[in-house]
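In: I'd like to go over a predicted model; first the sequence, then the structure.
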Amino acid sequence: MSENLKTIRELADELGVSKQVIWQKIKRDTSIDLRQFTSTKGNTVYVNVDGQKTIKSMFKNGSSTKEHQHKDDIDDNEKDAVYDQDEVKFLRNLVSEIQSEKKELHKLLDQQQRLALQDKQLLEEYKAEIKDLKALTMAPHD
């Protein structure tokens, strides 16, 4: 093979795109007959200088996949930052609500303990009254 020939992989690396992107561009552009610019050996497609120029010209107007990926990564990072801020706000609100509920539960527990103490005191008073009544009812029989 001549040194002027390049594989689709080499072209893709040079252009900063994937092999699939090159094949998709070629398939979409029906005006290009790739067979006139290529030769195949085994499963490898080699592109001559004219074919290389044609394929490279297809990518001059657009940016590379790597640039798109970098841009997407930046967009994702910005989205993540916004999402993280929203998540922090949500979690802070949640913590605040939980603290409020905790205070309310402490108040309710305190009330329950006071009522239980009052019930115990009333029960003791009733027992004392019952004892006194029994003592009174027993006294006349003697």
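Out: Arrived safely.
In: and Leu15, how many residues sit next to it?
Out: Neighbourhood size, Leu15 [other Cβ atoms under 10 Å]: 21. For every residue, glycine as well, the C-beta is placed using N, CA and C.
In: Compute the distance between Lys53 and Asn4, please.
Out: Distance, Lys53 to Asn4, by Cβ to Cβ, to the nearest Å: 11 Å.
In: Scan this structure for its longest helix.
Out: helix 65-138 (DSSP state H).
In: I'd like the mean pLDDT over it, please.
Out: Helix 65-138 carries an average pLDDT of 85.
In: Check which helices and strands that helix sits against.
Out: Contacting helix 65-138 under the criterion 3 or more Cβ pairs under 8 Å, 6 or more residues apart in numbering; DSSP states H and E is no other helix or strand.
In: Just give me how far it sits from the chain centre.
Out: Relative to its chain's centre, helix 65-138 lies at 28 Å (Cα atoms, centre = their mean, to the nearest Å).
In: Show the average pLDDT along stretch 9-17.
Out: 88.
In: Just give the number of residues close to Gln112.
Out: A count of neighbours around Gln112, defined by other Cβ under 10 Å, yields 10.
In: What separation do you get for it and Asp50?
Out: 90 Å.
In: Ala128 now?
Out: 114 Å.
In: Phi and psi next, for Ala44.
Out: Careful, residue 44 is Thr; it's not Ala. phi -100, psi 130 (degrees, to the nearest 10).
In: My guess is it contacts Thr7. True?
Out: Yes. With contact defined as Cβ atoms under 8 Å, Thr44 reaches Thr7; the gap is 5.7 Å.
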